[in-house]
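> sequence plus predicted model, see below.
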Amino acid sequence: MSIARFWRETPRRYNLGGSKCPLCGTVYFPPRPVCPTCPQHRRSLEKMVPFQLSGDGTVFSFTVVHDAAEGFEMQVPYVMALVKTVEGPILTGQVVDVEPGEVAIGLKVRATFRKLREEGKAGVIHYGYKFTPSLETDVRPPARGPAVPVETAAPTSTDRASA
Ligand SMILES: [Zn+2]
């Protein structure tokens, strides 16, 4: 994406600011101007309220990436996961501070802000959220799910929230 667009979107990337429908309570990230869940979704127009996601969630699905995209060569293998937040939206992000083999479906994680990548020699540094295992969960899920192909693209960290 363009640098301009990146910076425009950066504030909400940093703080996981989404939106919540006051009529049915559904939370969206990225924020939506209207609630598609409500049967009469036009009623939610201009009523959506800003909502701060906590960043807490559990690994819903994940894949171990061995072929790094440009800019990620130093990080392979790394884990990309779909994380279901406690508020509902599903976020895509890299799971760090844990061995890929330790990541399992159901693992509790928390969003943290990290450097995502550097662009070229000019050193444009992109920041965004990544996930780390939640500290209070030393109890790991007994069943280790298979790595489900999620997406092997480079972590972009925002997209595919609540579609
Ligand atoms: Zn709604």
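That came through fine.

> near the ion, which residues of this protein are found?
Within the chain, the positions adjacent to the ion are 21, 23-24, 26, 35, 37-38 by Cβ under 5 Å from the ion. For every residue, glycine as well, the C-beta is placed using N, CA and C.

> report the buried members of those residues.
Of the members of these, the ones counted as buried by neighbours, 16 or more other Cβ atoms under 10 Å, are 21, 23, 26, 35.

> need these in JSON lines (columns: secondary structure and distance to residue 75).
As requested, these are exported to JSON lines (DSSP: H, G, I helix; E, B strand; the rest coil; distance: Cβ to Cβ, whole Å):
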{"residue": "21", "secondary structure": "coil", "distance to residue 75": "37"}
{"residue": "23", "secondary structure": "coil", "distance to residue 75": "42"}
{"residue": "26", "secondary structure": "coil", "distance to residue 75": "34"}
{"residue": "35", "secondary structure": "coil", "distance to residue 75": "37"}
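
> quick one: which two of these are the most distant?
In those, two members sit farther apart than any others by Cβ to Cβ. They are 23 and 26, at 8.7 Å.

> now do the shared contacts for those two.
Among the neighbours of residue 23, those also in contact with residue 26 (Cβ atoms under 8 Å, 6 or more residues apart in numbering) are 35, 38.

> so where do the helices sit in the protein?
Using DSSP state H, the helices found in the chain span residues 3-15.

> below-threshold pLDDT in it: ranges please.
Under the criterion of pLDDT under 70, the regions of the chain flagged as low confidence span 1-14, 72-74, 116-127, 136-163.
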